[in-house]
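A.B. asks: Curious how this folds, go ahead:
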Amino acid sequence: HLATSLPLPSERDHLRPRIDLIVFMIDIKSKHSLKNVEASLTHVDANFFLGKVCFLVTGVGRVNYCSIDMNAIWKLREVYCSPVLFCELELEGMRVATAQRLLRMLQICAGHVPGVSALSFGSLMRHSADD
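C.D. replies: I've put the predicted structure just below:
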């Protein structure tokens, strides 16, 4: 399911499936997308930041057109203890690889991978990003 911002409308709560993973998309070329994500983060229960949230930064192949300082992205990663993925949506190979990575993250967060929890996976992703 896709939403342009949070909170989600409450009138459909009874129809909404369980939320296993929240992916916040940030377009590196749009300060508005970062502001929208920052405003939406206040509506997320703190428990989701235990491995069930990630930030997907798009447009990384267009460094000349960046409107967002990368320090703002790194700050989100640190403050919310959530991994950051980078993707150039215009490149099919990168788009497919990112989709596969997100699908695997979702499988883990939904509990479909025995022996791996969202919390341990999130911790592993943070440590690999630090290397």
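A.B. asks: contacts and neighbour counts: CA atoms only from here.
C.D. replies: Noted.
A.B. asks: which parts of stretch 82-98 are buried?
C.D. replies: By 16 or more other C-alpha atoms under 10 Å, the buried positions in stretch 82-98 come out as 82-89, 98.
A.B. asks: and Cys54, what are its phi and psi?
C.D. replies: The phi and psi torsions at Cys54 (degrees, to the nearest 10) take the values phi -140, psi 160.
A.B. asks: same check, this time on Met25
C.D. replies: Dihedral angles (degrees, to the nearest 10) for Met25: phi -100, psi 130.
A.B. asks: Name the residues linked to the closest residue in space to it that isn't next to it in sequence by a beta bridge.
C.D. replies: Computed as C-alpha to C-alpha, 6 or more residues apart in numbering, the closest residue to Met25 that is not its neighbour in sequence is Leu56, at 4.7 Å. As for beta bridges, Leu56 partners with Met25, Leu85 under DSSP bridges.
A.B. asks: Mind pulling up the pLDDT for the closest residue in space to Leu76 that isn't next to it in sequence?
C.D. replies: In space, and not counting its chain neighbours, Leu76 is closest to Ser82: 7.7 Å by C-alpha to C-alpha, 6+ apart. Among the per-residue scores, Ser82 shows a pLDDT of 91.
A.B. asks: My read is that Asp27 contacts Val57, right?
C.D. replies: Yes. Using C-alpha atoms under 8 Å, Asp27 makes contact with Val57 at a distance of 5.9 Å.
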